[in-house]
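[1] Sequence below, structure please.
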Amino acid sequence: MDCVTILARTVESSGRTPEAVEGAVVPVDVIWERITSLDLLEALTFISFGVVCLFYGWRIFKILVTISFALLGLLVGVWTNRLLIGGNVIWLAAITTVVFAFLSVPLMRWGVSILGAVAGGVLTGGAWLALELPEKYIWAGGLIGFIAGGMISFIVFKAAVMLFTSLGGSGLIVVGTLAILYNYMGASEKLQLLVFDQKWFLPVVLVVPMAIGMLLQNKFIKGTKDWNI
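    As a prediction, this is how the structure comes out:
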């Protein structure tokens, strides 16, 4: 199962309500189902690519922006196909994927700024969830981070690069690690309790590697004279 398959299945499951806790806004159960469905090779691939993004995202951020917008185009194509056509027409998703990827190249700075804003929204939304504030208002916490992340991205471009690449790398590492611990290390019951009963768990395990990645990336960038934004 690759990233495209996971994305497509997530879109398909958006119309279902799989045993969700009443009043829950964040689909933790859907996210957890996707994580635990990874096999060993997929989990190791997630971890490997996540390490590259976490420590050397500043070197490959242009590729990451293009990939991110291609996946966004895929999502838009799948959603539009289901809304307007109602069938499984692959050409529409293929066209939107290519168009979004193509547009990300001349609009690279805007793409980085958007991803930096999204990363800021994820962080403050996670903090809102970890502090056990009313979940139905988590959009407010996410909006604060989105605005702050967008402003920082336009003012300090390097900060936006480090923010979204570190967060993306951390997310991949966490997903792969949790999948291995759940499926192969005999920690399924403990992890299940932490994920569903301790709201701080997922935000914390996401932020810690991200913070380490940002510190190291900042050090690497300072020591590199030929880095070109």
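
[2] Now do the SS call for the residue nearest the centre of the chain.
    Central residue of the chain (CA atoms, centre = their mean): G168, 5.3 Å from the mean position. In three-state terms, and counting by DSSP: H, G, I helix; E, B strand; the rest coil, G168 is helix.

[3] That one contacts C53, correct?
    Yes. G168 lies in contact with C53 (CB atoms under 8 Å); the separation is 5.2 Å. All C-beta spots, glycine's among them, are computed from the backbone N, C-alpha and C.

[4] and for these two, which residues touch both?
    L64 (CB atoms under 8 Å, 6 or more residues apart in numbering).

[5] where does the chain dip in pLDDT?
    Counting by pLDDT under 70, the chain has low-confidence residues at 1-24, 85-89, 223, 225-229.

[6] and with 90 instead?
    1-31, 56-60, 74-96, 109, 129-141, 149-160, 185-190, 192, 195-199, 218-229 (pLDDT under 90).

[7] Now do the helices in this protein.
    3-13, 28-36, 40-56, 61-80, 90-104, 108-130, 138-155, 157-184, 188-197, 201-222 (DSSP state H).

[8] any idea how far T66 is from L202?
    28 Å (CB to CB, to the nearest Å).

[9] Have a look at those two and say which one is more surrounded.
    The neighbour count for L202 versus T66, taken as other CB atoms under 10 Å, is higher for L202 (21 against 18).

[10] what's near enough to touch the more buried one?
    Listed by CB under 8 Å, 6+ apart, the contact set of L202 reads 28, 126, 129, 174, 195.
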